[in-house]
Every structure is written in structure tokens, then in C-alpha cells.
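# Dropping a prediction and its sequence here:
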Amino acid sequence: MSLFSRVEQAPPDAILGLTEQFKADTNPRKVNLGVGVYQDATGKLPLLRCVAAAEQRLAATPTAKGYLAIDGIPTYGREVKELVFGADSPLLEQGRVVTAQALGGTGALKLGADLMRQVTPDATVLISTPSWENHLALFTRAGFTVEKYRYYDAARKGVDVDGMIEDLRAAAPGTIVVLHACCHNPTGYDLAPADWQRVIDAVVEGGLTAFLDMAYQGFSQGIEEDGAVVRAFAERVPSFLVSTSFSKSFSLYGERVGALSVVCSDAAEAARVLSQLKIVIRTNYSNPPTHGAALVETVLEDPELRAQWVAELGEMRDRIKAMRTKLVDGLAAAGVEGMGYITDQVGMFSFSGLTKEQMQRLRAEYAVYGTDTGRICVAALNDDNVAYVSESIAAVLQ
Ligand code: PMP
């Protein structure tokens, strides 16, 4: 018997499996709304102009490829802190935030999970119902028991805030609560500022550990506006974690650029936490890769490129909003009323409200690919496909 003969076949990744199916589909009108990637008005993955300019600058002054520090490029870390907490945050001045460069948002979540396994090994992790699929898998693999708090209210098309608060209030002290800072994946429904205060009340009064997953800063209202959630926590919660991803906001998916920030109660504690976080990193991949973070650092450190980034991020955000409106208009034109909630949602995704059967018909009969949960990526809609997608949805709703 061979060493691996008993290894079971794992199921394929649901979303990547959809992409494979999409690639093999011969329907010329096929549309992939499965994967969470922003596409421009021509249906292409954009290379942001600010990133292209940063690439040129870096290429003009080639440097030797040494190891980075375990926690990454220092100026990159500072820029991340300022983006996430605000440049004038007292936390930064007090030296209370530890930030380590990470392999995308996923890498940041895993660093945080591994760190928390050391700090509170017996804690339960709570994630939203539903949540990004990898939250469950990642925290489970890190050794935690993962449970869920209520979030999506299917009947009212929004957040079940009372249910969510009730579940957070019932959680034991030390429970790690994973919260989508903005652009909730997969529903597209975020909490209002007053709801966030109720969440913060529950976190503070219940002694919970908040882990804010910020994968889409700038995709809801703007960089500052979306960061307000983190600042609201900073004002009232002595310690919490934030994962950052630049995959979407810089369209740097494959470069794996992100960061984990840990808010500590004072600078001495922050130094100790950093020392432990470095061990987590060192024993996983030793130190992070240079290029993606160097691109982000170059853009954020240069006023002109930074302004360009802010504008380009705004263009992406506005295009998604425009596509939401066009989808609702297209649906209305095809005879489907009552789906106006699509424009209430924010970010790259829409929970369309379609059933699994309807999503499967959409794929099989119209080659429009979304997930069985009814999630569609509105950031993959454009003027050439939105009418067809609207008509196809209308057809399966009949
Ligand atoms: N968190 C959420 C909520 C996400 O939607 C994603 C990306 N789909 C991530 C984290 C991971 O981001 P990255 O691709 O940078 O690893």
C-alpha cells in the first residue's frame, strides 16, 4: 500500500470549478459572473494606470532581490496603517498598531488566525451567515471551532441586525467575531453606522475579539468613508485585528498584496505581539515577496500616483454602481419588477435572490454563470452583456 493511497479526493473549489465550466462552454454569449474579479467596461481585468506607472518606475531603477524584513517593507506598513486607521489616528501616534505585510487578504486572515490560536487557543470563531466561503475553511484549518451569527435577512433583503446582535450577545467572552468591514461578500449588504455602534457595544460589553476583514476598502463609498468602520472600533475597542487586501482596490490579484494590523492596548504590548507575529510569518514563509508591496508603496508614497489611484478606484466604484442600475433597468424592461434592492447593495457582489435551481438554469440554458447561492459578480457586467444577463434572469424567473 502506498503512503497516499488512503488520501481522499477533495471536492474542487466551487468558484474555480465554475470558471473551468465557463471556459469549456461554447455558447458565444456566455458571461462569467461567478468569480469575484472586477472587470472594466470592455470586460477586461484592468491594469490600473497608477500601477503601470509604478511598474515603469521600478523597472527604471532595477534593484537586487534581497530578503525583506519578516514583517515586510516598513514604508508599506506605515502607508497601510494610515489608510486603514487614518493618518491622524492617535493609535498610530501611540505606537499601538502592529502591521505586517501579508499574502493578500487571505494571507492576512491566516496570520491573524495563527496568532490568535496562540493567544486564545480555546476561543470559538463566529462568522456571518452567509460569509465568504474561505472564512469557514481558513479558521477551521487554523484549529478553531467555527460557528455562525445571523446576518442576511432573505425576506426583507437586508441585514438581520437584531438577530446578529442577539447572536453576538450570546457569545462567550473571548469569542473571535469575523466582521466584513465593508462590501459584505456575498450579500452586498453592509451595516449602517448606528448598527456598527450596536456591534461595538456587544463586542466591548461581551469581551469579544473583533477581526475586521477589509477586502474592499474604497469600493463602497470611498477610501475614507469605508475606513470609518475601523475608526469607530479604534475609538471604543482597546484591541482588535484588521486584515487588508489590495487585490481588488489596486487590481493586483496575482501579486498577493495585503496586510494584517493588530491593535494593542499600548506600545509595549504591540512590541510583544509583533515578536510573536514574526514567528508566525517566519515559520510559514519566512518573509514576504517584494514586488506587489513595492508597487503599492510606490503609488501611495507619490502624491501624483496616489491621486491617480484614488481616481481610478472611484471609476471602478462608479462603474459598478452604474451597472447595478442598468441591471435593475434591464430587468424592469424584461418585465421583472421588485429587484430594486440590487442598487441598495454595495461592492462587487449582488445576492440576486435567485434560487439554486434558477442559478443552474441560468448556467445550463443561458451560459450566465453565478454561484448556486444566487451570488453574481456585478463588477463583471458591462454594456455589452447587461441586457443579455437581464433577459436571461427574467427568463429563469418566469
Ligand atoms: N475576504 C473577503 C471577504 C474576500 O471577499 C476576499 C476575496 N475574495 C478575501 C478576503 C481575500 O482576498 P485576497 O484575494 O486578497 O486574498
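Nice, thanks for sending it over. Numbers count the residues shown, from 1 in each chain.

# got the residue ranges for the strands in the stretch 151-300 of the chain?
152-153, 158-159, 176-180, 209-214, 240-245, 258-263 (DSSP state E, counting those that start in this stretch).

# Hmm, A54 is touching V299, no?
Yes - here A54 reaches V299: they are 5.1 Å apart, a contact under Cβ atoms under 8 Å. Quick note: C-beta positions are derived from backbone N, CA and C, even for glycine.

# who in the protein is up against the ligand?
For the chain, the residues in contact with the ligand (Cβ under 6 Å from any ligand atom) are 36, 104-106, 132, 180, 185, 213, 215, 245, 247, 258.

# out of those, which is most surrounded?
Within the residues of the chain next to the ligand, neighbour counts (other Cβ atoms under 10 Å) peak at G258, which reaches 29 neighbours.

# Overlap in contacts, A54 and V299.
L305 (Cβ atoms under 8 Å, 6 or more residues apart in numbering).

# In this structure, spot the helix with the most residues.
helix 303-333 (DSSP state H).

# Packing partners of it?
On a contact count with 3 or more Cβ pairs under 8 Å, 6 or more residues apart in numbering; DSSP states H and E, helix 303-333 meets helix 49-60, helix 291-301, helix 386-397.

# Highest mean neighbour count out of those helices?
Most buried of those by mean neighbour count (mean count of other Cβ atoms under 10 Å) is helix 291-301; its value is a mean of 22.

# counting contacts, what elements does that helix pack onto?
Where contact means 3+ Cβ pairs under 8 Å, 6+ apart, helix 291-301 is packed against helix 49-60, helix 74-85, helix 303-333.

# if we can go back for a sec, roughly how far out does the longest helix of the chain sit from the chain middle?
For helix 303-333, the separation from the chain centroid amounts to 17 Å (computed by Cα atoms, centre = their mean, to the nearest Å).

# From the rest of the structure, what touches the following helix or strand past that helix?
Next in sequence after helix 303-333, counting helices and strands by DSSP states H and E, comes strand 349-351. By Cβ under 8 Å, 6+ apart, the residues outside strand 349-351 that reach it are 36, 152, 183, 185-189, 324, 327, 342, 345, 373-379.

# Out of those, which sit inside helices?
Going by DSSP H, the helices hold 324, 327 from the contacts of strand 349-351.

# Is S261 bridged to anything, and to what?
T99, V242 (DSSP bridges).

# Check the gap between it and the ligand for me.
14 Å (Cβ to the nearest ligand atom, to the nearest Å).

# Next, the distance between the ends of stretch 39-55.
Counting by Cα to Cα, to the nearest Å, the length from the leading to the trailing residue of stretch 39-55 is 20 Å.

# no wait, stretch 244-262
End-to-end for stretch 244-262, by Cα to Cα: 11 Å.

# Can you point out the buried residues in it?
Buried residues in stretch 244-262, defined by neighbour count with 16 or more other Cβ atoms under 10 Å: 244-253, 255-262.

# same check, this time on stretch 17-24
18, 22.

# go on, stretch 230-238?
Judged by neighbour count (16+ other Cβ under 10 Å), stretch 230-238 contains these buried residues: 230, 233-234, 237.

# Redo the residues you listed as JSON lines? Include pLDDT.
Listed next are the buried residues of stretch 230-238 as JSON lines, based on pLDDT from 0 to 100:
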{"residue": "V230", "pLDDT": "98"}
{"residue": "F233", "pLDDT": "98"}
{"residue": "A234", "pLDDT": "98"}
{"residue": "V237", "pLDDT": "98"}
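
# Narrow those residues to those in helices?
Short answer: the buried residues of stretch 230-238 in helices (DSSP H) are 230, 233-234.

# any chance you could map the helices in the stretch 101-250 of the chain?
104-119, 133-141, 161-169, 193-206, 223-236 (DSSP state H, counting those that start in this stretch).

# Just name the most buried of these.
helix 104-119 comes out most buried of the helices of the stretch 101-250 of the chain by mean count of other Cβ under 10 Å, with a mean of 22.

# chain center to that one: distance?
15 Å.

# So which elements touch it?
Under the contact rule (3+ Cβ pairs under 8 Å, 6+ apart), helix 104-119 is packed against strand 97-102, helix 133-141, strand 209-214, strand 240-245, strand 258-263, helix 267-282.
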